[in-house]
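K.L.:
A predicted structure for the sequence below; I have some questions about it.
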Amino acid sequence: MSTGIITSDTSIDHLTGNGHPEKPDRVTSVINYLKKNKNLIWDKSKKFDESLLSLTHSSNYVSGVKKSFPEHGLSFLDGDTIISPGSKQATLDAVGSIISAIDSIENKKFNNAFCAVRPPGHHAEKNKAMGFCIYNNIAVGAKYLINKYEYSKIAIIDFDVHHGNGTQDIFYENEKVLYISTHQYPYYPGTGSENEKGKYNNILNIPLPAGTNSEEYLNAYNFVIKKLIEFKPQFMMFSAGFDAHKNDPLAQLHLNSQDFYEITKRTILSTQQFSKGKVVSILEGGYDLNALAESANEHVNALLEFN
């Protein structure tokens, strides 16, 4: 077995307008870079039962989103979140990628997987789109693990530079999901203080100041590892945003591409005895195309080591 890369043909059809940072080139740059690696298994996002969306988002929100896609041009779900006609299928296929990845791991098609898709998801709350995100892809995946495969201990690690307010919102009162976020703070979206701990102490936020460098970040990451070992997750999930890179135009943390290899490797090493190496990762942010592609490749290189 090896590491699976799940892609979607429709990711590039989700158009956001000229000058928008969350653009189709993001996913094509990652895929083109990963294609140099001959040890990966490539697969496509598959259709899924759309009732799964209502396990994560409210039924009113899901029906509202379905009606919101324009027949022509662009439309706004919020000030940052733009949709086009092609967004309708792209949003479903982004969710479908994580469902496909989970099923493939459970069916032993591959050991772990990275979903190179868009739009991202971690800002999408139960009832609200925001921050380029429409459906919360990783949250739907975690709910699927609970409902179909009866997992009771799922850990979501979110190393995107922005706090995943949506994922935190969805799982704030769910003792089966541990959500951990490292992020620049204070910064968009304004959430993610250390005081936000969840009903079952199942939220760990590690806010970091602008300018945090690699050494400082990795020192802080020891708190992530400690919390994971205490929780003993049966399944690991990464909200893999690469915008904490020093070259990213939307934030001010100073990580380099190699750091994402180190973050991923340390996380899996610390949890492997509990999760048996079951890991699903999905693309979130990252807006400098070269830094994004390099960093995603480093992340996948770490996943490959656990096969």
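P.N.:
Perfect, I can see it now. Numbers count the residues shown, from 1 in each chain.
K.L.:
Look at Met1 and report its pLDDT.
P.N.:
Per-residue pLDDT puts Met1 at 76.
K.L.:
what's the neighbour count on Ala251?
P.N.:
21 (other C-beta atoms under 10 Å). Just so you know, the C-beta spots here come from the backbone N, C-alpha and C atoms, and that holds for glycine as well.
K.L.:
repeat for Ser193
P.N.:
For Ser193, using other C-beta under 10 Å, the count is 12.
K.L.:
correct me, but it touches Tyr185?
P.N.:
Yes - the pair Ser193 and Tyr185 qualifies as a contact (C-beta atoms under 8 Å) at a distance of 7.1 Å.
K.L.:
May I have the beta-bridge partners of the residue nearest the centre of the chain?
P.N.:
Nearest to the geometric centre of the chain sits Ser239, at 2.6 Å (C-alpha atoms, centre = their mean). Going by DSSP bridges, Ser239 is paired in beta bridges with Asp158, Ile282.
K.L.:
wait, what's in contact with it?
P.N.:
Counting by C-beta atoms under 8 Å, 6 or more residues apart in numbering, Ser239 makes contact with 121-122, 138, 156-160, 164, 167, 181, 282, 284.
K.L.:
Need the overlap of contacts for Ser193 and Tyr185.
P.N.:
With C-beta under 8 Å, 6+ apart, Ser193 and Tyr185 have common neighbours Asn205, Pro207.
K.L.:
Not counting sequence-adjacent ones, nearest residue to Thr264?
P.N.:
Ala302 (3.6 Å; C-beta to C-beta, 6 or more residues apart in numbering).
K.L.:
what about that neighbour, neighbour count?
P.N.:
Applying other C-beta under 10 Å, we find 22 residues neighbouring Ala302.
K.L.:
and it, that's in a helix?
P.N.:
Yes - with DSSP: H, G, I helix; E, B strand; the rest coil as the criterion, Ala302 is located in a helix.
K.L.:
just checking, it touches Tyr261?
P.N.:
Yes - the pair Ala302 / Tyr261 is scored as a contact, 4.8 Å apart, by C-beta under 8 Å.
K.L.:
if we can go back for a sec, could you dump the contacts of Ser239 to CSV with distance to Ile146 and neighbour count?
P.N.:
Formatted as CSV, the contacts of Ser239 follow (distance: C-beta to C-beta, whole Å; neighbours: other C-beta atoms under 10 Å):
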residue, distance to Ile146, neighbour count
Gly121, 17, 31
His122, 18, 30
Ile138, 13, 32
Ile156, 12, 26
Ile157, 17, 27
Asp158, 18, 25
Phe159, 23, 29
Asp160, 23, 27
Gly164, 18, 35
Thr167, 14, 31
Ser181, 20, 27
Ile282, 17, 27
Glu284, 21, 29
